[in-house]
Each structure stands twice: as structure tokens, then as C-alpha cells.
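> fold the stuff below for me.
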Amino acid sequence: MSKNESTSTPAKILYRPIGMLGGLVSGAIAGIIFKQVWKLATPQSRSDDAPKALESNFSLGQVLLAAALQGAIFAFVKALVDRGGARGFQRVFGEWPGN
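Modelled structure (predicted):
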């Protein structure tokens, strides 16, 4: 699809449930990946859970590191799943669902 072409409204509407499902799937996958990465990054930790903002037994640095890592992993996985879903949609329906 060239830069000047726009996606039709029916294609955008048809893609919406696919995009929502992709968001749920990417969130679940990102959560699993983050837990595994956090375990590897903090082998000395007694808990498998990353520190949360309101937990007082963690430093601000630990909380911010966990949040940044989690956000980066989520954004990466979401972009990968969204792009794959859009490419699959284009193969099936012949039209890119974005733009």
C-alpha cells in the first residue's frame, strides 16, 4: 500500500476485533516474558514477582528498573503481534488495516 492510499472504513472495522484479541495475547505473552527476564535479572531475589510502586521493601531504583523493563518488553511484544496481525489481515483481505 502506498503512502497516499488510505484504508477503507469496513477494513478498519473488520480488523478491530482482531486488534483487540492481539492486544490481549500480546499482554499475556509480555507478562510471561517479563517474569522470566526478571527471574534471570534478580537471581538473589526471594520472590519471583517484580517490585511494585507501593511496596516499601524495594528501593525507588529497583521499582523504576522493573517498570522500565516491563514497559519495554510489553511495547516490543505488542508491536510484534500488531504488525503480524496486520500482515495476516492484508494477506487474507488484500488491504492494510491501518493508516
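> only C-alpha atoms from now on, for both contacts and neighbour counts.
Noted.
> name the element residue 43 belongs to?
Taking DSSP states H and E as the definition, residue 43 sits outside all helices and strands.
> check what pLDDT it gets.
The score at residue 43 is 77. That number is its pLDDT.
> and residue 3, by the same measure?
Model confidence at residue 3 (pLDDT) stands at 46.
> list the contacts of stretch 49-61.
For stretch 49-61, the external contacting residues (CA atoms under 8 Å, 6 or more residues apart in numbering) are 35, 38, 62-63, 66.
> so for it, mean pLDDT?
Over the span of stretch 49-61, the pLDDT mean works out to 87.
> how far does it sit from the chain's center?
Relative to the centre of its chain, stretch 49-61 is centred 22 Å away, using CA atoms, centre = their mean, to the nearest Å.
> end to end on it, go ahead and measure it.
Taking CA to CA, to the nearest Å, the first and last residues of stretch 49-61 lie 16 Å apart.
> can you flag which of the contacts of stretch 49-61 belong to strands?
Cross-referencing the contacts of stretch 49-61 against strands under DSSP state E gives no overlap.
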